[in-house]
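Trainee: Predicted model and sequence follow; I will ask about them next.
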Amino acid sequence: VRESNEWEGWMSLCFVRDPANDPSFSAYFTKEWASRLVASIHNLLTTAFHKMPLPSLMTASHTSTLRIRRLEATVQELEARVDALNAQLRLGGGDGFGGSKSKQ
């Protein structure tokens, strides 16, 4: 790298009075270059994050959320069944367990 002249200009950047007006660096101070840089970084990070596996904590959280939703659905189904059985009992339609009321 010492023998290469391509880094020489970049090493002198901190000594240039006005890099935005210096012919070697002026291209890097335009709005177009800045917006291209932002787009490139966005694309790089998007690609990197899409190829990475989910962290264990997020996977566990997602699994817990799914389990809670299934349990909530089960609770709702059971509550509806209890309501139906209670309605049968009120109407005298049996004991709610498939048998009939025994009258003595």
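Mentor: Structure received.
Trainee: Just the mean pLDDT for stretch 30-40, thanks.
Mentor: Across stretch 30-40, the average pLDDT comes to 96.
Trainee: What would that stretch look like as CSV? C-alpha coordinates only.
Mentor: Output of stretch 30-40 as CSV, limited to C-alpha atoms (Å, rounded to 0.1, in the frame of the first residue of the first chain):
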residue,chain,number,x,y,z
THR,A,30,-22.7,16.3,-4.1
LYS,A,31,-26.3,15.4,-3.1
GLU,A,32,-26.4,12.8,-5.8
TRP,A,33,-23.4,11.0,-4.4
ALA,A,34,-24.9,11.2,-0.9
SER,A,35,-28.2,9.7,-2.0
ARG,A,36,-26.5,6.9,-3.9
LEU,A,37,-24.4,6.2,-0.8
VAL,A,38,-27.6,6.0,1.4
ALA,A,39,-29.3,3.7,-1.2
SER,A,40,-26.2,1.4,-1.4
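Trainee: how distant is the worst-scoring helix or strand of the chain on mean pLDDT from the center of its chain?
Mentor: The weakest-scoring helix or strand in the chain, judged by mean pLDDT, DSSP states H and E, is helix 8-11 (a mean of 86). Here helix 8-11 is found 41 Å from its chain centre; the criterion is C-alpha atoms, centre = their mean, to the nearest Å.
Trainee: Provide the backbone phi and psi angles at Arg69.
Mentor: phi -60, psi -40 (degrees, to the nearest 10).
Trainee: number of nearby residues for it?
Mentor: 10 (other C-beta atoms under 10 Å). Where you see a C-beta, it was placed from the backbone N, CA and C, and this is true even at glycine.
Trainee: So the most centrally placed residue in the chain: helix, strand or coil?
Mentor: Nearest to the mean C-alpha position of the chain, counting by C-alpha atoms, centre = their mean, stands Met58 at 8.5 Å. Following DSSP: H, G, I helix; E, B strand; the rest coil, we place Met58 in the helix state.
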